[in-house]
Each structure stands twice: as C-alpha cells, then as structure tokens.
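**Q** pasting the sequence and the predicted coordinates here, then a few questions.
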Amino acid sequence: MNSTDSLSLIFSALSDPTRRSILNRLSKGDLSVTDIAQPYEMSLPAITKHLKVLEKAKLITRGKEAQWRPCQLEAQSLKKADDWISAYRSHWEESFDRLDEYLKTIQNETGDKNGKSKKRK
C-alpha cells in the first residue's frame, strides 16, 4: 500500500469522534476492549467495529495475552499524518506572514498620505 492510501485510511479513521476519543484514551496506556467500551453508550460489537477501522489504519494494534486482548496506540501512524499536515502548516504560516507584512505596508501608506498616523484622543 502506498503512503497516499495509508493516509486516506488514517484520515478516514480520524474523521469519527468516537475513534478519536478511543485514541486519546489509548494514549494513556493499553486497554482491553471491555475497558475501551465502558464510557460509550454503544454495544460491544459497535466498539469492535471502531477498533477494526483503527487497526486497519494501523493506528492501534490488538495483542493477545491469555484471556486479555489489550489494544495499544501506534503513534508512528499518527506521525505520518502530522508530517503530511506539517507541509501545509508551513504554507499557511508563510501566507499569514506575507499578509501581516502587506497589512503593515497599507497602514504605513495610509498614515503617510495624511501626514501622520491617525490617533484617537
């Protein structure tokens, strides 16, 4: 699978607030499926479907330790999404910097035309 496909899976998984909440909870440590389901008002099969989406996107892994099946956050996949977003963050920061400079130029020109900057008394 190429990186675009994996990014699509990641962003699709992150599009749901329940899945984002699950990831947030897993960032504090491994949890069983039952523990994950506890605060949500949905069935265990519904939670399992959310976990399958997160697992397919490689945002979590599910292990097997005797009777316990812990879910664990896989932060490396989140880094892929952050790296992709970072390129656009730089673009917008540069655009805002240019806008800021332009606005300062306009303010200076407006002040120069009147001979001095407008000040309120």
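**A** In hand now; what should we look at?

**Q** contacts, neighbours, all on C-alpha from now
**A** OK.

**Q** which parts of the protein are helices?
**A** Secondary structure of the chain by DSSP state H: the helices cover 3-14, 17-26, 33-37, 44-56, 75-113.

**Q** where in the chain is pLDDT low?
**A** Where the chain drops to pLDDT under 70, the residues are 1-4, 112-121.

**Q** now with 50, please.
**A** 121 (pLDDT under 50).

**Q** and Arg69, backbone torsions?
**A** Per-residue torsions, Arg69: phi -110, psi 80 (degrees, to the nearest 10).

**Q** hmm, Thr61 and it touching each other?
**A** No. Under the criterion of C-alpha atoms under 8 Å, Arg69 makes no contact with Thr61, lying 9.9 Å away.

**Q** ok, back up a step: nearest to Glu65, out of the helices of the chain?
**A** helix 33-37 (12.9 Å; C-alpha to C-alpha).

**Q** which positions within the closest one qualify as buried?
**A** Across helix 33-37, burial judged by 16 or more other C-alpha atoms under 10 Å covers 33, 36-37.

**Q** which residues touch that helix?
**A** 22, 25, 43-44, 47-48, 69-71 (C-alpha atoms under 8 Å, 6 or more residues apart in numbering).

**Q** can I get that helix in PDB, CA atoms only?
**A** Output in PDB follows, covering the C-alpha atoms of helix 33-37 (Å, rounded to 0.1, in the frame of the first residue of the first chain):
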ATOM      1  CA  VAL A  33     -11.900  -3.900  24.500                       C
ATOM      2  CA  THR A  34     -14.200  -4.000  27.500                       C
ATOM      3  CA  ASP A  35     -12.400  -1.100  29.200                       C
ATOM      4  CA  ILE A  36     -12.500   0.900  25.900                       C
ATOM      5  CA  ALA A  37     -16.200   0.300  25.600                       C
END
